[in-house]
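Engineer: Provided below for reference: sequence and predicted model.
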Amino acid sequence: YHPLVKMKVVALLATVATAAAFVPQQAGPQTTALNAEAGRREFFGKAAGAAAAAFLPVAAANAVVDYENVAYLGGSSKVDINNANVRVYLKMPGMYPAAAGKIVSNGPYNSVSDIFNIPGLSSKEKEVMKKYESRFVALKPSADYVIDRINNGLYR
């Protein structure tokens with residue numbers, strides 16, 4: 001089973017167990033050696049049922065993809081220069097941090113060729129950008145991703 005499914009099942013079981021702790025107990029007869037055995041049997045029966053339920057197949061959730069160009073944010077060979085985070089350029093030797101930082105700081109771009117007009121680019125930075133130019137695309141900026149281009153809050 002998928003680890004996420006297992007995690008969801010465990011979280012559900014933990015929630016049920018926590019809620020059960022707040023249910024008022026029934027006032028019953030005093031415990032004796034005879035009915036203690038029945039209580040143990042009942043407990044282990046419930047525990048076995050819960051364990052079996054943990055391994056039942058759970059229907060997969062249908063994920064909704066909000067952004068149709070999510071592959072261009074670092075999950076494919078093409079990189080969207082208007083929306084991709086600066087860390088995507090780590091996969092391109094020579095781009096990170098200088099050239100990549102200038103690309104993400106000076107957008108948005110109408111076309112890929114616009115990156116060569118960034119003020120203050122050195123000849124070496126232009127050279128490395130030219131090397132990877134075929135891997136760049138300039139898609140419409142998306143507010144959900146533009147905000148995280150420079151710093152997405154993920155640190156090692």
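Structural biologist: All right, it came through fine.

Engineer: for this protein, give me the ranges with low pLDDT.
Structural biologist: 1, 19-21, 23-41, 50-67, 153-156 (pLDDT under 70).

Engineer: which residue ranges of it form strands?
Structural biologist: 79-80, 136-137 (DSSP state E).

Engineer: so what touches the first one?
Structural biologist: Spelled out, that is strand 79-80. Asn69, Tyr72, Leu73, Val88, Tyr89, Arg135, Phe136, Val137, Ala138, Leu139 (C-beta atoms under 8 Å, 6 or more residues apart in numbering). Backbone N, C-alpha and C define where each C-beta goes, glycine included.

Engineer: show me what contacts the nearest residue to Ser77 once chain neighbours are set aside?
Structural biologist: In this structure, Ser77 finds its nearest non-sequential neighbour in Arg135, 5.9 Å apart by C-beta to C-beta, 6 or more residues apart in numbering. Contacts for Arg135 (C-beta under 8 Å, 6+ apart) come out as Ser77, Lys78, Val79, Met92.

Engineer: relative to Asp144, which of those is nearest.
Structural biologist: Nearest to Asp144 among the contacts of Arg135: Val79, at 16.9 Å, using C-beta to C-beta.

Engineer: quick one: the closest one from Asn110, how far?
Structural biologist: 16 Å (C-beta to C-beta, to the nearest Å).
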